[in-house]
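# following is a predicted model, sequence given first.
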Amino acid sequence: MSRLKTLLALAARSAFNRRGSLSLVTVAIILSTILLVGLERLRTQVRESFTQSVYGIDLLVGARGGHAQLVLYAIFHLGGATNNVSWAKVEETVALPEVAFAIPLSMGDYHRGFPVVATDDNFLAHYRYRKNQGLKLNGQTFTELFTVVLGAEVARRLNYAKGDQIVLSHGGGDHSRVHDDKPFTVVGIFEPTGSPVDRSLYISLESMEAIHVDWRGGAPIPGFAVKPQDVKKFNLRPKSVTALLVGLKNRRLIFQTQAKIQNASGEALSAVLPGVALDQLFQLLGGGERVLFLVSILVTLTGLLGLTATILASLSERRRELAILRSLGASLRDVVTLVTLESLGLTLTGLVLGLAILAGLIAFAGPFLLYRFGAVLELSPPTTREGLILGGILLAGLIAGLGPALKAYFFSLSDGLNRQV
Amino acid sequence: MVIENPSQDYAVNLKNLLFHWPGQAPLLNIESLAIAKGESLFIAGHSGSGKSTLLNLIGGLIAPVKGEIWVEGVNLKALSGPARDRFRGDRVGFIFQSFNLLPYLSAQDNVALPAKLSAYRRDRAKEAFGSVAAAVESLMTSLDLSPDLWTRPAFRLSVGQRQRVAAARALLGRPPLIMADEPTSSLDADRRGAFVDLLLKESQKAGASVLFVSHEVALADRFGAYLTMESLRPSPKEEA
Ligand SMILES: Nc1ncnc2c1ncn2[C@@H]1O[C@H](COP(=O)(O)OP(=O)(O)OP(=O)(O)O)[C@@H](O)[C@H]1O
Ligand SMILES: [Mg+2]
């Protein structure tokens, strides 16, 4: 034990003596660590924030159709549904004994490319994203007619504040007709979530009905215009919605309830488990990450090759040093230990410094990334996969040190004490 | 294999030693060589005659092809590799021609090194001086190394100073055998005699035997005994 301590101290002093070249390889290992672990962290958290775009929702319900399509419009508000779900069907679904809550979503309108989502109080009460986080709202909710709440990114990108007046357009295209006769007032802005909420605008189902009272079949009825103050004379009860986000009282009844909804008589509905569907969708989209991972492994290998080369090069100058230690009673094993300790120590130093720098980067840049790109990057203890990556780097460092250790072994064996010049 | 001392009086005892490097002609063929405890022996030999090889054999770094090597009453063949290494660290103080010191350690840390690697020598240093540090200081003082040199890194010392630091290190913890491989050849001619005198005086104080190999025959009369590598070979008559 004390012998190992002595060897450790000698290895450290010797390495410090050669700190110029050694610090360069350490920097290479630091960069490799940051790249590999940082990329892994980014990958898992992108995946996490993608697959946990909704949380606590057990079933997505929409008109019968493709599952991927349902996920895209119900969660990401992308594309549109071919059919709607009638309000009667909504009420029927909500009334099922297994259902705890249902968030109705009605879509189709946009504001400067961002989707407008009409919903009700259930949205604020029950919508959860990533690890059971609820929405935080700065300002009022959208219960009043012609009021709108903005997602964080919408507000930031379009530079909107509470009190601003905006106009919605029917459909997302450039030449869509606009509801400029019924402007909306911004009453609240959601805090950043890293979920699709950031990129959406929220109004009430009644507001959605109200801007369409004088419309039919996707166009204003000619010669018939209703002023905003007059819309209350009309029945603003929604006739249909695009999708329903359903939460169950008991998650074990998911498949049973899914079957119940899909097999019910009347209009045909689809019910989808969001977790499974999101996972499938991510695998479809996430091919690029593997290439990135491969590249960072190559970078790491390059760094470790540098380590091997540097230690090998330093050995010829250390030959004398090792012969001296041999004369003082160091065994061949000690010599090998000494050389191995060096590569291991450098790898470990690079690893620890890399992790520390990465932690600093995440702590510093995390909030910025969320705000600017909606990407969630959080400080947390290493995951199993990250642990495996770290272990892999360490193991590779050990293997990289094997060559120099073997070389030191063989020349110590043949040199004896003769290597004096 | 018996680990019994053929004679307690011998620091080194070689019997029918035969050695050649792999693929080379026989280099050493020594019928018998004995160094009594406390004795100082000078072995002269021209370059390539096998002086350094002999020290490697006695130090247990290489094994003979044939024959026995006894050091301080222990048959080296009876020891495993690591045990031989430990034995060398405990019982033998080496001094080389040059490059004796770890350049990144101070003079005093170089001298203290044997106590770090050998418990035997640490204990002997403590026993004689109370502490390793005291032993280091005492030895360096005896070897004419002034205190301002003690903390200086080895690579900032003059060649003569380095050799004296090497001698102090070889003597630390009073190993029973000091082996020196041409330690004076890098010194100025007028300093060589002084260095050998100092080394012999301190070795005697420590009760150590000295085996000194060199081609500088002029130094030989300072030693108790004198041999040449050539005289160690069997006489031509026997070979014929
Ligand atoms: N590690 C080794 N492997 C192979 N051959 C060696 C090795 N060391 C020495 N030799 C050979 O053994 C012979 C004796 O070498 P050695 O170093 O023992 O001589 P020496 O008497 O110490 O010479 P010098 O006075 O020049 O130091 C030489 O021919 C040398 O080439
Ligand atoms: Mg020699």
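Structure's in. What do you need? Residues are numbered from 1 along each chain as shown, chains lettered A, B, ... in the order given. Ligands and ions are numbered 1, 2, ... in the order given.
# how about the strands of the stretch 1-150 of chain A, start to end?
Using DSSP state E, counting those that start in this stretch, the strands of the stretch 1-150 of chain A run over residues A:59-63, A:85-86, A:99-111, A:114-119, A:128-129, A:133-134, A:137-139, A:147-150.
# by contact count, what packs against the second one?
Contacts of strand A:85-86 with other secondary structure elements, assessed using 3 or more CB pairs under 8 Å, 6 or more residues apart in numbering or on different chains; DSSP states H and E, are made with strand A:59-63, strand A:240-241. Glycine gets a C-beta too; all of them are placed from N, C-alpha and C.
# ok, which stretches of the stretch 301-421 of chain A are helices?
Along the stretch 301-421 of chain A, the segments classed as helices by DSSP state H, counting those that start in this stretch run A:332-373, A:384-415.
# now those helices as a markdown table including mean pLDDT, mean neighbour count and distance to B:Glu202?
As requested, the helices of the stretch 301-421 of chain A are exported to a markdown table (pLDDT from 0 to 100; neighbours: other CB atoms under 10 Å in any protein chain shown; distance: least, CB to CB, whole Å):
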| stretch | mean pLDDT | mean neighbour count | distance to B:Glu202 |
| --- | --- | --- | --- |
| helix A:332-373 | 85 | 18 | 28 |
| helix A:384-415 | 82 | 17 | 28 |
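# for A:Ile311, which of those helices is the nearest?
helix A:384-415 (4.3 Å; CB to CB).
# do the closest one and chain B meet at all?
No. Using CB under 8 Å from any CB of the partner chain, helix A:384-415 stays clear of chain B, coming no nearer than 8.6 Å.
# tell me how far that helix is from the chain's mean position?
35 Å (CA atoms, centre = their mean, to the nearest Å).
# also stretch A:70-88?
Computed by CA atoms, centre = their mean, the chain-centroid distance of stretch A:70-88 equals 24 Å.
# what does stretch A:274-281 give?
Here the centre of stretch A:274-281 is set off from its chain's centre by 14 Å, with CA atoms, centre = their mean.
# other residues contacting the lengthiest helix in chain B?
Counting residues, the longest helix found in chain B (DSSP state H) is helix B:189-206. Contacts to helix B:189-206, defined as CB atoms under 8 Å, 6 or more residues apart in numbering or on different chains, come from residues B:38, B:40, B:95, B:139, B:142-144, B:160, B:163-164, B:167, B:171, B:174, B:178, B:180, B:183-184, B:187, B:209-210, B:212, B:216, B:219, B:222-223.
# out of the strands of the stretch 1-150 of chain A, which is the most enclosed?
Highest mean neighbour count among the strands of the stretch 1-150 of chain A (mean count of other CB atoms under 10 Å in any protein chain shown): strand A:147-150, with a mean of 26.
# reformat the strands of the stretch 1-150 of chain A as JSON lines; add distance to ligand 1.
Shown next, in JSON lines, are these (distance: least, CB to the nearest ligand atom, whole Å):
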{"stretch": "strand A:59-63", "distance to ligand 1": "77"}
{"stretch": "strand A:85-86", "distance to ligand 1": "88"}
{"stretch": "strand A:99-111", "distance to ligand 1": "82"}
{"stretch": "strand A:114-119", "distance to ligand 1": "79"}
{"stretch": "strand A:128-129", "distance to ligand 1": "71"}
{"stretch": "strand A:133-134", "distance to ligand 1": "70"}
{"stretch": "strand A:137-139", "distance to ligand 1": "80"}
{"stretch": "strand A:147-150", "distance to ligand 1": "81"}
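# chain neighbours aside, what residue packs nearest to residue 35?
No chain was given, so I picked chain A. Spatial nearest neighbour of A:Leu35, excluding adjacent residues (CB to CB, 6 or more residues apart in numbering or on different chains): A:Ser296 at 4.4 Å.
# oops, chain B please
If you skip the residues right next to it in sequence, B:Ile35 has B:Val12 as its closest partner in space, 4.3 Å away by CB to CB, 6+ apart.
# neighbours around A:Ala11, how many?
Close neighbours of A:Ala11, defined as other CB atoms under 10 Å in any protein chain shown, add up to 18.
# that one contacts A:Gly345, correct?
Yes. Proximity of A:Ala11 to A:Gly345 meets the contact threshold set by CB atoms under 8 Å, at 6.7 Å.
# which one of the helices of the stretch 301-421 of chain A lies nearest to B:Leu17?
B:Leu17 lies closest, by CB to CB, to one member of these: helix A:384-415, at 20.1 Å.
# model confidence for the spatially closest residue to B:Arg222 that is not a sequence neighbour, exactly?
Distances taken as CB to CB, 6+ apart place B:Val196 nearest to B:Arg222, at 5.4 Å, with adjacent residues excluded. In this model, B:Val196 is scored at 92, pLDDT.
# residues contacting A:Val149?
A:137, A:139-142, A:186-190, A:201-203.
# tell me the SS of the residue nearest to A:Leu35?
Classification of A:Ser296 by DSSP: H, G, I helix; E, B strand; the rest coil places it in helix.
# ok, the closest residue to A:Gln165 other than its chain neighbours to ligand 1 distance?
Using CB to CB, 6+ apart and skipping residues adjacent in sequence, the residue nearest A:Gln165 is A:Pro183, 4.6 Å away. A:Pro183 sits 94 Å away from ligand 1, going by CB to the nearest ligand atom, to the nearest Å.
# and A:Pro183, how many residues sit next to it?
A:Pro183 has 16 nearby residues by other CB under 10 Å.
# same check on A:Gln283?
Neighbour count for A:Gln283, taken as other CB under 10 Å: 10.
# and it, its phi and psi?
For A:Gln283, the backbone dihedrals (degrees, to the nearest 10) come out as phi -60, psi -30.
# what does the model give it for pLDDT?
Per-residue pLDDT puts A:Gln283 at 76.
# where does chain B have low pLDDT?
Within chain B, the stretches with pLDDT under 70 are B:1-8, B:234-240.
# for B:Pro183, give me its contacts.
By CB under 8 Å, 6+ apart, the residues touching B:Pro183 are B:95-97, B:163, B:166-167, B:195, B:199, B:212.
# 6 Å instead?
B:Pro183 sits next to B:95, B:163 when contact means CB atoms under 6 Å, 6 or more residues apart in numbering or on different chains.
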